[in-house]
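Chemist: sequence first, then the predicted structure:
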Amino acid sequence: MRSSSSTSSRPPSARPRRSDVTSGTPGRPGNPDGAAGADTTEPEAGASGPVTAASSSAAAGGVRRPPPRLTTDTARPEGGGRAASGDAPAPARQWPLLTVLGLAGLGLLVVGTDPFPQAFRVGAILIGAALLVGAVMRRVLPSVGMLAVRSRFTDMITYGVMGGLIVLLALMVQPSPWLKIPFLEDILHLTVT
């Protein structure tokens, strides 16, 4: 015969919920504070869960809200509100994002059409500059709309580092780089030869 204290022998409705189980005997509700008044008892036949001093006070009229089982919404990122008033048209409310996307799109257009020599370099610099502009806007403006993806600090670092690296690589790309950094050439020669 199985022991009545085993959680695997109880029907699922009689097992303690994860939120009810605290430090104590494994599988049984515990008392994290060590107070003597919060002793636990085994549920009686037909009871829906363990009886504790906290759950009996909640049943006696105290308000105890169970944790949600399904998350239906996420918190808006810091500074993720509208960049213009709510009665403005949608493009006006998202002008920071449209500025960054427009500048990056212009860079892609320059690279794709190749209208002049070194167009690939100028286009890549425009793409990196778009990310740098996004980092500056994220820092300076209190509300940037959908340009806010994460926290303000994380967005600034992400946009700034990626934009800076793209600009740096665009300036150093061969043939005839516009920027030469000697120690990087030495590292390249050490790794290739």
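Modeler: Perfect, thanks for sending it. Residues are numbered from 1 along each chain as shown.
Chemist: from memory Arg121 sits against Met172, does it?
Modeler: No. Assessed by Cβ atoms under 8 Å, Arg121 is found out of contact with Met172, at 9.7 Å. Every C-beta, even on glycine, is put in place using the N, C-alpha and C of the backbone.
Chemist: okay, and the common contacts of these two?
Modeler: Counting by Cβ atoms under 8 Å, 6 or more residues apart in numbering, the shared contacts of Arg121 and Met172 are Trp178.
Chemist: low-confidence regions, the chain specifically.
Modeler: 1-62, 75, 188, 192-193 (pLDDT under 70).
Chemist: helices of that one, start to end?
Modeler: Taking DSSP state H as the test, the helices found in the chain are 53-59, 90-93, 95-113, 119-140, 152-172, 182-192.
Chemist: need the winner for burial among the ones you listed.
Modeler: With neighbours taken as mean count of other Cβ atoms under 10 Å, the helices of the chain reach their highest mean count in helix 119-140, at a mean of 19.
Chemist: which secondary structure elements does that helix contact?
Modeler: Contact analysis of helix 119-140 by 3 or more Cβ pairs under 8 Å, 6 or more residues apart in numbering; DSSP states H and E lists helix 95-113, helix 152-172 as its packing neighbours.
Chemist: could I have the CA atoms of the shortest one written out in PDB?
Modeler: What follows is helix 95-113, C-alpha atoms only, in PDB (Å, rounded to 0.1, in the frame of the first residue of the first chain):
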ATOM      1  CA  TRP A  95       8.900  59.400 -36.700                       C
ATOM      2  CA  PRO A  96      12.100  58.200 -34.800                       C
ATOM      3  CA  LEU A  97      11.800  54.700 -36.200                       C
ATOM      4  CA  LEU A  98      10.900  56.000 -39.700                       C
ATOM      5  CA  THR A  99      14.000  58.300 -39.600                       C
ATOM      6  CA  VAL A 100      16.300  55.300 -38.800                       C
ATOM      7  CA  LEU A 101      14.600  53.100 -41.400                       C
ATOM      8  CA  GLY A 102      14.700  55.800 -44.000                       C
ATOM      9  CA  LEU A 103      18.400  56.400 -43.500                       C
ATOM     10  CA  ALA A 104      19.200  52.700 -43.600                       C
ATOM     11  CA  GLY A 105      17.000  52.300 -46.700                       C
ATOM     12  CA  LEU A 106      18.800  55.100 -48.400                       C
ATOM     13  CA  GLY A 107      22.100  53.300 -47.700                       C
ATOM     14  CA  LEU A 108      20.800  50.100 -49.100                       C
ATOM     15  CA  LEU A 109      19.600  52.000 -52.200                       C
ATOM     16  CA  VAL A 110      23.000  53.500 -52.700                       C
ATOM     17  CA  VAL A 111      24.700  50.100 -52.400                       C
ATOM     18  CA  GLY A 112      22.100  48.400 -54.600                       C
ATOM     19  CA  THR A 113      22.200  50.900 -57.500                       C
END
